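Novice: sequence-free structure coming up:
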């Protein structure tokens, strides 16, 4: 808001130029009646000129025949409003037509909205704005909270508040909004609905500005065509991934839901039927404002599609011109070569470096050399006379798992479950540590249907139990060996869960 910036805006911004124009009442009132109030996006030149002629005729009937003179009539006014020094309307041609089309610029819509804000309002509400601000802050805070426990606490508080409110309503204590609160919230709804419609024109304007920048870049590009396409496609994707593009896409997905449209229609009918809202005399188009949003959003989508098609045709034209330039260069080279065919130059015309071929004959290549093989010593095997005890080859410990399984089943006939320590107290180990390991292998073979058929085993890692068994040392002396391992419980199949809960 410094002086230099404001001076520049006064000289260049279309909205400021409109407010400072002597024709501002005509321009603002006519464009508001034709474009803004009925939410019209595009009007052809004939219809717009006819509407302006009727407007000028009515004004000259009131203000005199000299009001708003223009030698070219309504068409002159429209072309003047589209001039670069004004910029209040946008004049363009649809593909395949030769009739001019007109649309309102975002700057003009901003000026009209500011003029609307100058009118005196019969009621100015502030409560709904404050509630909206608090609701937005709450959404931002809840949506950025990374701690799950805090989010759960907030959701629980909301649930408790909803439960308390439901209890009050069921008890007959249902507080209703008074007329003042209803008017306050409905006025804010109307204002936000108008601002949302105005935002669509600005979104389209930003799309067109991006398209213009891309065309300028194509016209001034001097590098490779592949690099140009990469940069253009990156910029086309950038607007869709920008904050504005993501917000517009989220809005469009939300509004395209048929359920949302039906809900909006039902709620609008319900609100507009309230006496407090009817007393405000809302605009007739308020009842179908969500349809206006859809039309505006669809127009923005069509604009983006048309810009993409135009950009593709523009690139095709550039490719055609580039191919034509290459053909012209080739023809120029051919014509100059034909002109010099009968007058060949004398002497050295051109020097080329290293114009010789490296010749390598097949016989000059080295032959394959096989690797050296290891030679084994050749000697005769002689039978020894040493006396070797071959009984050690058969002295292997083999644990019979079937016997262990039978011992477990015999113990479970008398009780529903038994742990390994109790089982070994009744049936001591016969093969020492190898047999203990076999018991543990049976306990951990739950996935093997043949290893522990009819039985289940549970291993409680939290409890350790000592296991004892008799053994002998290398010299043959008896000893008692001990091992500490997690508690292993054997149960009949199907009762493991019940037994563990017990």
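Specialist: Looks like it arrived, so ask away. In this text the structure is predicted, and so the values were computed from the model without any measurement.

Novice: if I look at residue 69, how far off is residue 23?
Specialist: Distance from residue 69 to residue 23, counting by C-beta to C-beta, to the nearest Å: 11 Å. (C-beta placed from N, C-alpha, C; glycine too.)

Novice: helices or strands next to the helix or strand residue 202 falls within in the packing?
Specialist: Applying DSSP states H and E as the criterion places residue 202 in helix 179-220. Helix 179-220 sits against helix 106-118, helix 127-143, helix 225-241, helix 243-255, helix 275-279, helix 289-339, with contacts defined as 3 or more C-beta pairs under 8 Å, 6 or more residues apart in numbering; DSSP states H and E.

Novice: weakest of these by average pLDDT?
Specialist: Across the helices and strands packed on helix 179-220, helix 225-241 has the smallest mean pLDDT, namely a mean of 60.

Novice: just to revisit the earlier point, between residue 69 and residue 23, which is the more surrounded one?
Specialist: Per other C-beta atoms under 10 Å, whichever of residue 69 and residue 23 has more neighbours is residue 23, with 16 against 8.

Novice: Could you check how far the helix holding residue 202 is from the centre of its chain?
Specialist: Relative to the centre of its chain, helix 179-220 is centred 22 Å away, using C-alpha atoms, centre = their mean, to the nearest Å.

Novice: Just want the angle from it to helix 106-118.
Specialist: 160 degrees (axes from the mean of the first three to the mean of the last three C-alpha atoms, to 10 degrees).

Novice: pLDDT of helix 179-220, averaged?
Specialist: 72.

Novice: Grab the longest strand from this structure for me.
Specialist: When the chain is parsed with DSSP state E, its longest strand is strand 455-472.

Novice: ok, and what's touching the helix or strand just after that one?
Specialist: With elements assigned by DSSP H and E, the helix or strand that comes after strand 455-472 is strand 478-492. Here strand 478-492 makes contact (C-beta atoms under 8 Å, 6 or more residues apart in numbering) with 408, 411-412, 416-421, 423, 432-433, 436, 439-440, 443, 454-473, 499-500.

Novice: Restricted to buried residues, select those in ChimeraX.
Specialist: Filtering the contacts of strand 478-492 down to the buried ones (16 or more other C-beta atoms under 10 Å) takes a single ChimeraX command:
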select :408,411,412,417,418,419,420,423,436,439,443,455,456,457,458,465,467,469
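
Novice: Tell me which residues touch residue 36, please.
Specialist: Neighbouring residues of residue 36 by C-beta under 8 Å, 6+ apart: 104, 109, 112.

Novice: Correct me if wrong: the second one contacts residue 201.
Specialist: Yes - under the contact definition of C-beta atoms under 8 Å, residue 109 touches residue 201, with a separation of 5.7 Å.

Novice: Residue 58 - that's part of a helix, no?
Specialist: Yes - under DSSP: H, G, I helix; E, B strand; the rest coil, residue 58 falls within a helix.

Novice: so what's residue 274 up against?
Specialist: With C-beta under 8 Å, 6+ apart, residue 274 has these contacts: residue 182.

Novice: quick thing: my sequence starts at 27, can you match it?
Specialist: Yep, numbering from 27; the last one is residue 300 now.

Novice: quick one: it from residue 69, how far?
Specialist: Counting by C-beta to C-beta, the gap from residue 300 to residue 69 is 35 Å.

Novice: now swap in residue 107 and tell me
Specialist: 13 Å.

Novice: Looking at the two, which is more packed in?
Specialist: Neighbours per residue, other C-beta under 10 Å: of residue 107 and residue 69, the larger number sits with residue 107, 24 against 17.
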